[in-house]
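A.B. asks: could you look at this predicted model? Sequence included:
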Amino acid sequence: MSTPSIVLVIVVLGAGTYALRVLGVVLRDRLTLPEPLLRLLPLAAAALLLSLAATAALTDAGEFAGVARPVGVLAGTIAAWRRLPFLVVVLIAAGTAAGLRQLGVP
Amino acid sequence: MNVGTPWRTEDRRLVRDVAAISLAVGFVGLSFGAIAVASGLPRWSVVAMSLIVFAGGSQFMAIAMLAGGNPVAAILGGLMLNARHLPFGLAVADAVGESRWRRLIGAHLMVDESVAFALAQPDARRRRFAYWLTGTVLFLCWQIGTVAGVAVGSAVGDPATYGLDAAFPACLLALLMPTLRRPDARRVAIVGAAVAVAASFVLPAGLPVLLALTGLAAAGRSKTLTEVTA
């Protein structure tokens, strides 16, 4: 790969991502959104985040992510549901997935 | 100052949670740095990408596309993946802040985790605290992880070996739990996630997550004042 194409990707992807980040923050003030729509904003964020978690847990490049990853996520979610500290959630999720892979589970 | 003590306890808890997530993010940064160098990117460009883009998913995608000789796909795919930041910004604008500088700097700290942490807080003061704390600490950990990965190189190996691919969804789910206790949020999020998972088998990365916004159809009507106070 050539240096100009690497620089192009970093600059354009970086600028575009920053623009997307700033745009929402600035628009919130410029637009006077009606009350029902304001109520939907945190719901929209929650839907995006949960779908991000679900797709990352279950799929990989358009296919099922195997067994080890979803089981690890499930174990971590149970830990979180029982209000265990975050460090424990992270360690249980990662440890379960890594352990299953050690045993040859895909 | 009348509510000094309980706030501080909550803040301490928040700091502890952020530290746990930062550790995981640091290790993902480490594997990003290592994989990027292994796939042929010059070291300076890997560090520059983490500083300038600061969005893990799109960075992994970009190095894969660049290695495949397709910089245009790297840009378009990455931007599609990051389009969710626009609705994120609308939702957490108050946590980012009011002054021009707070907005210009705070916007760059907008990542899934800082949005999720802010969303989980019950009041404005803690929303802002959570957003900035998470964003700043994660930014630093991502950079430190990247530099370490670039230095260590291919010795790091695949993040899946350490189960890090399971840590990110589990963290997000843990962060979302307080929000998902609200029935309307739960309906919207579950419908959205189901649509996104189904779509990710047919559509390119980025689009399925945006389709989760169709879940808003399940929001129901907003409560009237009498229902809220009843």
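C.D. replies: Nice, I can see it.
A.B. asks: just name the shakiest helix or strand of chain B by mean pLDDT.
C.D. replies: Lowest by mean pLDDT, DSSP states H and E among the helices and strands of chain B is helix B:225-229, with a mean of 42.
A.B. asks: and the residue of chain A found nearest chain B, what pLDDT?
C.D. replies: Ranked by CB to the nearest CB, the top residue of chain A for proximity to chain B is A:Gly24, at 2.0 Å. (Each C-beta comes from the backbone N, C-alpha and C, glycine too.) At A:Gly24, the pLDDT value in this model is 95.
A.B. asks: got the CA positions of stretch B:80-93 in CSV?
C.D. replies: What follows is stretch B:80-93, C-alpha atoms only, in CSV (Å, rounded to 0.1, in the frame of the first residue of the first chain):
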residue,chain,number,x,y,z
MET,B,80,-20.8,4.2,7.5
LEU,B,81,-19.7,2.4,10.6
ASN,B,82,-19.3,5.8,12.4
ALA,B,83,-22.5,7.3,11.2
ARG,B,84,-24.1,6.4,14.5
HIS,B,85,-22.2,9.2,16.2
LEU,B,86,-24.6,11.7,14.7
PRO,B,87,-27.6,10.4,16.7
PHE,B,88,-25.2,9.9,19.6
GLY,B,89,-24.3,13.6,19.5
LEU,B,90,-28.0,14.6,19.5
ALA,B,91,-28.6,12.3,22.6
VAL,B,92,-25.6,13.4,24.7
ALA,B,93,-25.1,17.0,23.6
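A.B. asks: could you give the mean pLDDT of it?
C.D. replies: The model assigns stretch B:80-93 a mean pLDDT of 95.
A.B. asks: now it, how far from the centre of its chain.
C.D. replies: Stretch B:80-93 sits 10 Å away from the centroid of its parent chain (CA atoms, centre = their mean, to the nearest Å).
A.B. asks: domains of chain B?
C.D. replies: Split into domains by automatic domain parsing, chain B comes to B:4-176, B:182-230.
A.B. asks: give me the three-state assignment for the closest residue to B:Leu180 other than its chain neighbours.
C.D. replies: Using CB to CB, 6 or more residues apart in numbering or on different chains and skipping the chain neighbours, the partner closest in space to B:Leu180 is B:Arg186 (4.8 Å). Assigned by DSSP: H, G, I helix; E, B strand; the rest coil, the conformation of B:Arg186 is helix.
A.B. asks: you'd agree B:Arg186 is up against B:Met177?
C.D. replies: No: with contact defined as CB atoms under 8 Å, B:Arg186 does not count as touching B:Met177 (10.3 Å).
A.B. asks: which one of these two has more residues nearby?
C.D. replies: Applying other CB atoms under 10 Å in any protein chain shown to B:Arg186 and B:Met177 shows that B:Arg186 carries more neighbours, namely 17 against 13.
A.B. asks: need the pLDDT of the more buried one.
C.D. replies: 95.
A.B. asks: quick revisit: ok, the closest residue to the residue of chain A closest to chain B other than its chain neighbours - contacts?
C.D. replies: Using CB to CB, 6+ apart and skipping residues adjacent in sequence, the residue nearest A:Gly24 is B:Gly89, 2.0 Å away. Residues in contact with B:Gly89, defined by CB atoms under 8 Å, 6 or more residues apart in numbering or on different chains, are A:20-28, B:96, B:107, B:110.
A.B. asks: swap in B:Ala107?
C.D. replies: Counting by CB under 8 Å, 6+ apart, the residues that B:Ala107 touches are A:18, A:21-22, A:25, B:89, B:96.
A.B. asks: now for these: which two are most distant?
C.D. replies: Greatest spatial distance among the contacts of B:Ala107 (CB to CB): A:Tyr18 and B:Val96, at 13.2 Å.
A.B. asks: so is A:Gly66 in a helix, a strand, or just coil?
C.D. replies: Here A:Gly66 is recorded as coil under three-state DSSP.
A.B. asks: just the element for residue 18, please.
C.D. replies: Let's take chain A. For A:Tyr18, the host element (DSSP states H and E) is helix A:3-30.
A.B. asks: that's the other chain; I wanted chain B
C.D. replies: Per DSSP H and E: helix B:4-38 holds B:Val18.
A.B. asks: other SSEs contacting that helix?
C.D. replies: Packing partners of helix B:4-38 (3 or more CB pairs under 8 Å, 6 or more residues apart in numbering or on different chains; DSSP states H and E): helix A:86-102, helix B:43-52, helix B:56-67, helix B:112-119, helix B:124-152, helix B:164-180.
A.B. asks: quick one, what contacts the closest residue in space to B:Met110 that isn't next to it in sequence?
C.D. replies: Nearest non-adjacent residue to B:Met110, counting by CB to CB, 6+ apart: A:Arg21, 4.6 Å away. A:Arg21 makes contact with B:85-86, B:88-89, B:107-108, B:110 under the criterion CB under 8 Å, 6+ apart.
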